[in-house]
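In: sequence plus the predicted model coming up.
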Amino acid sequence: GQQVMQIPQYQHVQEGEDFTTYCNSSTTLSNIQWYKQRPGGHPVFLIQLVKSGEVKKQKRLTFQFGEAKKNSSLHITATQTTDVGTYFCAGRAGYGNKLVFGAGTILRVKS
Amino acid sequence: ETGVTQTPRHLVMGMTNKKSLKCEQHLGHNAMYWYKQSAKKPLELMFVYSLEERVENNSVPSRFSPECPNSSHLFLHLHTLQPEDSALYLCASSQDRGYGYTFGSGTRLTVV
């Protein structure tokens, strides 16, 4: 079945450093979504990418969808302590198909 | 408040008990979901309801029984659970199945 892998599993950065998490799917995706879960919280929807090669920005966050629509990345510029949490990608192979979540990347930020 | 409310927030139950988890969404969405989140595992989809019809049952044991009486409410009935069922159970909703999900705060379930 469809699998979504995320790397790294865990990253600890100094405040002000950049951070990137990568998501790879075993199948071509129709869209990919990103979520953030703060410690003790629940996943919160950040964004959805649909087009091949699409790049979207939200303040210090940059999201990218690969040309082949099988991979995606989330880049955070100049991390802050408020960025702490687990970042999940979730991919869908087609409309109506189930959304498959990656295992997430845990981000810790040292101040 | 996310617009998706789950109760209770915490639940401890014995293996012979019967309990129910409740989810209510105030967003006018037409699809609702149950997910299980265990430590060090990806979010596991359990059930999907679209327009009150169950459209997906992801090989979930029969000791978990969902119910969707209307598009705003979703229940997960639990009976004779096992300790390995201890996890965070998350409800989510979306407008159609192709859009972002809004998650509730979850129910932290412990089976003793």
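Out: Here it is on my side, so go on.
In: which residues touch the closest residue to chain A within chain B?
Out: Chain B approaches chain A most closely through B:Gly100 (3.7 Å), counting by CB to the nearest CB. In short, each C-beta sits where N, CA and C put it, glycine included. Contacts for B:Gly100 (CB atoms under 8 Å, 6 or more residues apart in numbering or on different chains) come out as A:Gln33, A:Phe45, A:Ile47, A:Gln48, B:Ser94.
In: go on, B:Pro83?
Out: Contacts for B:Pro83 were tallied using CB under 8 Å, 6+ apart; they are B:Met15, B:Val111, B:Val112.
In: got the contact list for the host helix or strand of A:Ser72?
Out: Take DSSP states H and E as the rule and A:Ser72 turns out to sit in strand A:71-76. Residues outside strand A:71-76 that contact it (CB under 8 Å, 6+ apart) are A:18-25, A:32, A:34, A:46, A:49, A:60-66, A:83, A:87, A:89, A:91, A:107.
In: go with 6 Å
Out: Residues from elsewhere that reach strand A:71-76, judged by CB atoms under 6 Å, 6 or more residues apart in numbering or on different chains: A:19-24, A:32, A:34, A:60-65, A:83, A:87, A:89.
In: can I have the buried ones of these as a ChimeraX selection?
Out: The following ChimeraX line selects those of these that are buried, judged by 16 or more other CB atoms under 10 Å in any protein chain shown:
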select /A:19,21,22,23,24,32,34,61,63,64,65,83,87,89
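In: coming back round to it: and the contacts of B:Gly100, which two are the farthest apart?
Out: Between all members of the contacts of B:Gly100, the longest pairwise span (CB to CB) is found for A:Ile47 and B:Ser94 and amounts to 14.2 Å.
In: looking at these two, which has the bigger crowd around it?
Out: When neighbours are counted by other CB atoms under 10 Å in any protein chain shown, B:Ser94 comes out ahead of the other of A:Ile47 and B:Ser94, with 21 against 16.
In: who are the contact partners of the more buried one?
Out: Applying CB under 6 Å, 6+ apart, the residues near B:Ser94 are B:His29, B:Ala31, B:Tyr101.
In: per-residue pLDDT, the first one?
Out: Okay, so that is B:His29. Here, the pLDDT recorded for B:His29 equals 94.
In: pick out the residue nearest the middle of chain B.
Out: Nearest residue to the geometric centre of chain B (CA atoms, centre = their mean): B:Trp34, 3.2 Å.
In: right, and that one touches B:Val48 too?
Out: No. Using CB atoms under 6 Å, B:Trp34 makes no contact with B:Val48, being 8.2 Å away.
In: got the phi and psi for B:Glu67?
Out: According to degrees, to the nearest 10, the main-chain angles of B:Glu67 amount to phi -150, psi 130.
In: what's the burial count for it?
Out: When counting by other CB under 10 Å, one arrives at 14 neighbours for B:Glu67.
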